[in-house]
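K.L.:
Okay, here's the prediction I keep looking at, along with the sequence it came from:
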Amino acid sequence: MIATPPPPALLMTAIERRRWILSLWRYAVPALTSVALLVLMLAPLPISLPAMPHLALMAVLVWAMLQPALMAPWVAFCIGALADLLFGQPVGVNATLFALATGTMRLAGQMFGRHGSLFDWLLVTAVLLGFALLTGPLMALAGRSTPVLPLLWQWLTSVAAWPMVVRLCAAIQRRLAASAPHWRHG
């Protein structure tokens, strides 16, 4: 549970009701962080290789580990659908894979419980590889064949960028936890 449920709105004073409504933005922070990194992925790179890491997917995976209640598979599906629209891919490819990746991370969190950052990195490496390998067949199913080499380049850069995305999301998590006494892990 993220925060204690508020009393019924009729029992709140106007100031309490306003404070409670204004505090609800915290629940959207994981999705907003992922969307911000998705928009950052649209930035041009001055190199000829497709070397942009999949920042949005990694943010979704980090939040699925840090706050699984706030990064549900349906939220990841919506972020993936937005990625499909922004990248010009057939709608449903990233949406499906984002939801599958989030479900995998949530399942791993339930199965393995607390674990170290090296385990997380290896788990995310496997999930990102699965994402890259499943993108090709899903794109072919949608009528657009995609070569595997650019997807593997993106996988390599994503694995290398994982610690930076984790640090960013963990810093946001710590700041939110410090600003709200009821913001809890899980």
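P.N.:
Alright, I've got the coordinates.
K.L.:
so where's this protein shaky on pLDDT?
P.N.:
Within the chain, the ranges that satisfy pLDDT under 70 run 1-10, 49-50, 180-186.
K.L.:
what about the helices in it?
P.N.:
14-22, 29-40, 55-66, 73-87, 93-112, 117-141, 148-179 (DSSP state H).
K.L.:
Any idea which of those gets closest to Ser48?
P.N.:
Ser48 lies closest, by Cβ to Cβ, to one member of the helices of the chain: helix 148-179, at 11.1 Å. Backbone N, C-alpha and C define where each C-beta goes, glycine included.
K.L.:
any idea how far Ala51 is from the residue nearest the centre of the chain?
P.N.:
Central residue check for the chain by Cα atoms, centre = their mean: the C-alpha nearest the mean position is that of Val60, 0.8 Å away. Distance from Val60 to Ala51, counting by Cβ to Cβ, to the nearest Å: 20 Å.
K.L.:
is it true that Phe98 touches Leu57?
P.N.:
Yes: here Phe98 reaches Leu57: they are 6.3 Å apart, a contact under Cβ atoms under 8 Å.
K.L.:
Please report phi then psi for Arg144.
P.N.:
Phi and psi for Arg144, reported as degrees, to the nearest 10, are phi -130, psi 100.
K.L.:
Look at the residue nearest to it when sequence neighbours are not counted and say how many residues are nearby.
P.N.:
Distances taken as Cβ to Cβ, 6 or more residues apart in numbering place Pro90 nearest to Arg144, at 6.5 Å, with adjacent residues excluded. Per other Cβ atoms under 10 Å, the neighbour tally for Pro90 reads 14.
K.L.:
gap between Pro90 and Ser23?
P.N.:
Per Cβ to Cβ, Pro90 is found 38 Å from Ser23.
K.L.:
Ile172 now?
P.N.:
For Ile172, the distance to Ser23 - Cβ to Cβ - is 16 Å.
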